[in-house]
Each structure stands twice: as structure tokens, then as C-alpha cells.
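Visitor: heads up, no residue letters with this:
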DNA sequence: CCAGAGTGTCAAGAGATTGGACGGATCGCT
DNA sequence: AGCGATCCGTCCAATCTCTTGACACTCTGG
């Protein structure tokens, strides 16, 4: 069984992130105070610093936790169309864009962004490396297992391409999610050198 | 929000009881060792003693946790027939007896009992006061709120009667659960002085 | 009767949490 | 520009919790 200490630790992290989430979605990132997080979670301010180090690290963790949750949903979408990479990716992208549009944290990040709120937004843009890393790692593994017939290099390139484009459309939508999803499926198809469906 | 310390505490208790549950349902109460619980939960033996004091208290807590879970189900059954005390009690009793028959802990307690295993069984028989206390307290509160038209004394008497009889039939079934449930509903009806349904 | 295994207790030490204090940065206000 | 308030981040001593190892005691099988 998992070591007890780890459970306690993750319980603490969850409580802290829950407290932060609540405040951020209600008032925005800039209104979030370290002291709020501490008292809401029923813990001292120092404990928050011991766990996360800086305010910024909390933003990072907040975003990453949400990313992890998204990836669970993405995996379900992929599984539902496992044999067909094109359909799988289309479903996964649509799911991501649709769900993100309703997600309180994402909404908070994107709407209140034009101000002093871009600290959080940065984790989706200029400092998105952790996000891209976990997303591509998970999807690389999935793709390698589900679609072994695709050439490895092309597959990796396609995965990274789709991930980056999805994030791009997430922070700056132009067309409706379903349209975008269909277009990204085509991009995937070509980058991965899939046989032409026509 | 709940104080952090309390959450950690209940996390610890849950882990310990989970560990104990696992062993008990697999090998029986007599094979359960304090050291097993500790290592399975990833904690020192001393911590188990600090939390529960004695091996016996763990048995007690194990039974009580299961009781609490049963009471949640019972409450659902009652709610489903809220306006009609007779039907509500019949459903609740049937649910209890049916579910208990499938419950790993209950099975373990009842089957392996004729031996050195009766320590656990005792919490349902000779030392069942805590069980009866929580069950009657919860049901008294429910009955008082749902059926205020029943005379308070009769209501309390009926609740206690049904609780004790249900436990009795649980540890020593004679008729099938549905039959027993119907009979207890009749007992309730008369003890609570409900108008004759005929 | 002894050896082994298990329960329950104790005390010292390691680790985590608290609360209070502090320096430095930022911001609104005058 | 100066001032006060607010908040971030760090430090530290006191306190609480968990761990570790030792020990007395009981029970059981050989």
C-alpha cells in the first residue's frame, strides 16, 4: 500500500489547491492571497510555503492538476475510437475545446486575463512547457500502444503538433470547436502520413 | 472548511480500518495481527496503538464503520417510502438483511464465528450497545421528523423494537429477508399504534 | 518448562506544523 | 516624492505527531 506520508502529503496538496481553485474561480488569480489559501485549508501560512514554495508554484500546480483531469477525459475519448486515429483525435480535440469552454478555471484564466491576471495564463502560453511535457508524454505512450503501425518519428511529430495546436486554439479560438477538431484531425492525418481517406 | 488535522486523522483511521478489513475478510479476525495492520497501512505499530488503543477497539471501529455505511443505505430506503412508515420500515429491514447477507465483513463475522472468532461477533450481540445507540439515535431523529403524528413514546419504543429485532434476525435468520421484513413492518405498525390497514 | 509469537507500554528522536517576527516590494493616496 | 498598508517570502523556536527500538506480560505448542 502507498506509504502513509505520501497520502497525507497529497491530501494537503489537494486541500490547498481546492482552496486556491475556489478563490481563483470566484475572484480571479490576482485577488488570491496566500493567507486565504492557508486559512481556507485550515493550515498555517508557513505550511503553504513549505509545500509549494511560491505563489507562482501554486498557479502552476493549479493548472497542472486541471490538465491531468482533462487528460483523463481525453483518454476516454481516444479509447472510444481507438482503432481510428483520425476519429480518435477529432473526438479528443472537440472534447478538450468544448469542456474547456465550460471549465471555471479555464474561463477565469482566459477572461480575466487582460490585466494583471496573466500570471496564470502564462502557464498556457509562454511557460507552457510542463503542460506540453505531460500532455505529449501521455499521448505519445497512448499512440505508441494504440497505433504501432504508424512510423515512430511521424507519430511523435504528429502528437506534438496536435497538442500544441489544441492549446493554441484553446487560448485563441477562431472557429467552432467541432470545426477546429475536424481540421486538426486532417492535420494529424497528413503529419502522421496516414493513407488518404478519399 | 474542516480543520486539516481532522482530515489527516480520519485518513489515518480509514487506512487502518481498510487494512484491517482486508485481513479480516480474507483470513478472519483471529488471524489479524496489529503488525499487519500497521505495515499494510504504511505506518508504525505504535501509531496503530495511539489511534485505537487496543486490538478490540479496532474490531469495534470496524463494525461501527460498517454500521454507519448500512445506515446510509437504510436512510435511502426510508426516504423512498417516507410518507408510509409501514412500507418504509419494511423496505429498510429488507435492505438491511439482503445487503448484510452479501457483505464480506458480515459474512466473515457470522460464518467464522463458531471458534475463537466471536470477539467481533460480540459487537453484534453481547456488546452491541454502541451499535444500538447509533442506529436508534439516527432512526429516532428520522422518525421524529418524518412521522411527527405518531405519539413520541410509542415511536421511540417502535424504533428500538425494530432495531433490536433487525439485529436479531441478522445474526440468526429464520425466514427469508422479505418475509421477515413484512413481519417486522407489522410489529412496527402495532407497537407504534398505527391505524389498522385492513 | 521453555521458546516463539503476540499484545500493550514507554521514552528518545526525527519530522511536520504552528505562530510570530521580520525585510523587502508594490500600490494607492496625499 | 513620501507614507501607510498590504502582501510575499524567509527564519526560527515551540509544539505536536509519527517512528523506532526496547521491554514486560500472556498465551500456546512442543
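Guide: Received, thanks. Values in this document were obtained by computation on a predicted structure and should not be read as measured data.
Visitor: can you list the domain ranges for chain A.
Guide: A:1-53, A:60-191 (automatic domain parsing).
Visitor: DNA strand C is nearest to which of those?
Guide: Closest to DNA strand C of the domains of chain A, according to C-beta to the nearest atom of the strand: domain A:1-53, at 3.2 Å. C-beta here means a position set from N, CA and C on the backbone, and glycine is covered the same way.
Visitor: gap between that closest one and the chain center?
Guide: Counting by C-alpha atoms, centre = their mean, to the nearest Å, domain A:1-53 is centred 20 Å from the centre of its parent chain.
Visitor: near chain B at all, it?
Guide: Yes. Under the criterion of C-beta under 8 Å from any C-beta of the partner chain, chain B is reached by domain A:1-53 at A:1-5, A:7-8, A:11-12, A:15, A:19, A:40-43.
Visitor: Counting neighbours, which of the residues you listed comes out on top?
Guide: Neighbour counts for those, by other C-beta atoms under 10 Å in any protein chain shown, peak at residue A:41, which reaches 25 neighbours.
Visitor: Can you check which of the domains of chain A gets nearest to residue B:126?
Guide: domain A:1-53 (33.4 Å; C-beta to C-beta).
Visitor: Now residue A:60: closest residue in space, sequence neighbours ignored.
Guide: residue A:123 (5.8 Å; C-beta to C-beta, 6 or more residues apart in numbering or on different chains).
Visitor: before we move on, what about residue A:65?
Guide: residue A:17 (5.6 Å).
Visitor: pretty sure the one you found is touching residue A:57, no?
Guide: No. Between residue A:17 and residue A:57 no contact is recorded; they are 11.1 Å apart, counting by C-beta atoms under 8 Å.
Visitor: Compare neighbour counts for the two and give me the winner.
Guide: residue A:17 (21 against 12).
Visitor: for the helix or strand harbouring that one, packing partners?
Guide: If you go by DSSP states H and E, residue A:17 is part of helix A:4-27. Here helix A:4-27 touches helix A:34-41, helix A:45-52, helix A:55-80, helix A:104-111, helix B:4-27, going by 3 or more C-beta pairs under 8 Å, 6 or more residues apart in numbering or on different chains; DSSP states H and E.
Visitor: quick one: it near DNA strand C?
Guide: Yes. Using C-beta under 7 Å from any atom of the strand, helix A:4-27 reaches DNA strand C at A:5, A:8, A:12.
Visitor: what does chain A have sitting close to DNA strand C?
Guide: Proximity of chain A to DNA strand C, by C-beta under 7 Å from any atom of the strand, involves residues A:5, A:8, A:12, A:42-47, A:50-51, A:116.
Visitor: Same list, those residues, but as CSV with pLDDT please.
Guide: Below are the residues of chain A next to DNA strand C laid out as CSV (pLDDT from 0 to 100):
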residue, pLDDT
A:5, 93
A:8, 97
A:12, 97
A:42, 96
A:43, 97
A:44, 96
A:45, 97
A:46, 97
A:47, 97
A:50, 97
A:51, 97
A:116, 55
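Visitor: Contacts for the helix or strand of chain A with the lowest mean pLDDT, please.
Guide: Least confident helix or strand, chain A: helix A:118-121 with a mean of 82, by mean pLDDT, DSSP states H and E. Helix A:118-121 is touched from outside by A:24, A:29-30, A:56, A:59, A:62-63, A:108-110, A:113, A:171, with contacts defined as C-beta atoms under 8 Å, 6 or more residues apart in numbering or on different chains.
Visitor: This completes my enquiry, with thanks.
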